[in-house]
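In: Okay, sequence plus prediction incoming.
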Amino acid sequence: MSPYDVVGIGMANVDVLTVVPRLPKPDEVYRVVRTDLQGGGPVATALVALARLGATAGYLGAVAPDPWGQFILDDFDRYGVDTSLIARAEAGASGLSVILIEQATGSRAILYHPGHLPNLPLSDAWRAAIRGARVLHLDGDFLPLAIEAARVAREAGVLVSFDGGAGEPRPGIEALLELTDLLVVARKFASNTTGMDDPLQAGPALRRFGAAEVVITDGAAGCWLWEGEAFMHQPAFTVPVVDTTGAGDTFHGAYLYARLQGWPARRRLVFASATAALKCMQIGGRRGIPSLTEVIAFENTR
């Protein structure tokens, strides 16, 4: 599958999802409502969203030599993300998250093991895939590899997209931000990076890194976009929320899909927000990601 619309380098892990009547207190034991097993990770799930919407997407990275590594490969295949360039590491362990989801509210508690994989060089095949793609999508995982990949993309005129997520900024992440064209981050990342809690201040501050386009997402509060002289806010869609796991990742994938279509800024925000909202109506980060037809039908009812 080459060339790709989007290739991604970043976290790919496994989510063990458990719906509970309420988040537990110490020493409590009670029956759960439901369990599920799905692939996860910011870049990995964004690629799944892109594939579900009809784009061609490929993951560049490695999987660990454990049963979870095979699950990650199988889950990519299930959703149509190309795995032909994924390396099989000889050592390491897959990342694993245990996610407790409160049934009535969709609130979560996340316990995770990040896993560990050897640092791999940017192979000739990966370089070729990046140069032939339209977008390189990153989340800061495997940071030295991501920075090198971003430089290759920049030299080839390939758009570099970065998912800041909601976690603490990694040491040295500024070097990657300076190579980013499209910066889409959660409000917490924006606040931690700029020291400004107000997204209306944090957005312009993030632009100093050089991204032509900055988006800050904030769950039910919606999202904000800065592009050139344009600024706009997009409210979130109101839906019955079952689980917000992967909502931000889905937003990223849908936003990239919309950008690949050449849609204007407002259309991109509406489409990405609608796709993320539909995902929240099902458990897990991937099973609820809608098709293009489903998103358009949802938009037409609003």
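Out: Received the coordinates, thanks. Residues are numbered from 1 along each chain as shown.
In: show me where the protein has strands.
Out: For the chain, the strands defined by DSSP state E cover 6-9, 13-20, 34-40, 57-59, 62-63, 87-88, 95-102, 108-113, 135-138, 159-163, 182-186, 213-217, 223-227, 230-234.
In: Dump those strands to TSV, plus mean pLDDT.
Out: Shown next, in TSV, are those (pLDDT from 0 to 100):
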stretch	mean pLDDT
strand 6-9	98
strand 13-20	96
strand 34-40	95
strand 57-59	98
strand 62-63	96
strand 87-88	94
strand 95-102	94
strand 108-113	91
strand 135-138	98
strand 159-163	97
strand 182-186	96
strand 213-217	97
strand 223-227	98
strand 230-234	96
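In: I'd like those laid out as a markdown table, including mean neighbour count and distance to residue 280.
Out: The C-beta positions use only the backbone N, C-alpha and C, and glycine is treated the same way. As requested, the strands of the chain are arranged in a markdown table below (neighbours: other Cβ atoms under 10 Å; distance: least, Cβ to Cβ, whole Å):
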| stretch | mean neighbour count | distance to residue 280 |
| --- | --- | --- |
| strand 6-9 | 29 | 22 |
| strand 13-20 | 20 | 13 |
| strand 34-40 | 18 | 14 |
| strand 57-59 | 29 | 22 |
| strand 62-63 | 21 | 28 |
| strand 87-88 | 13 | 33 |
| strand 95-102 | 19 | 11 |
| strand 108-113 | 12 | 12 |
| strand 135-138 | 27 | 21 |
| strand 159-163 | 26 | 18 |
| strand 182-186 | 25 | 15 |
| strand 213-217 | 25 | 13 |
| strand 223-227 | 21 | 14 |
| strand 230-234 | 14 | 16 |
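In: Now distance to residue 265 too, for the ones you listed, in TSV please.
Out: Below are the strands of the chain laid out as TSV (distance: least, Cβ to Cβ, whole Å):
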stretch	distance to residue 265
strand 6-9	19
strand 13-20	31
strand 34-40	29
strand 57-59	23
strand 62-63	36
strand 87-88	37
strand 95-102	32
strand 108-113	30
strand 135-138	17
strand 159-163	15
strand 182-186	12
strand 213-217	8
strand 223-227	6
strand 230-234	6
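In: so which of those gets nearest residue 254?
Out: strand 182-186 (10.7 Å; Cβ to Cβ).
In: Can you list the strands that that closest one pairs with?
Out: Strands that pair with strand 182-186, judged by DSSP bridges, come out as strand 159-163 (parallel), strand 213-217 (parallel).
In: Next, format the ones you listed as a markdown table and append distance to residue 282.
Out: Output for the strands paired with strand 182-186, formatted as a markdown table (distance: least, Cβ to Cβ, whole Å):
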| stretch | distance to residue 282 |
| --- | --- |
| strand 159-163 | 21 |
| strand 213-217 | 19 |
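In: which residues does the residue nearest to residue 217 when sequence neighbours are not counted contact?
Out: In space, not counting the residues next to it along the chain, residue 217 is nearest to residue 223; the distance is 4.5 Å by Cβ to Cβ, 6 or more residues apart in numbering. With contact taken as Cβ atoms under 8 Å, 6 or more residues apart in numbering, residue 223 is in contact with 215-217, 233-234, 236, 251, 269, 272-273.
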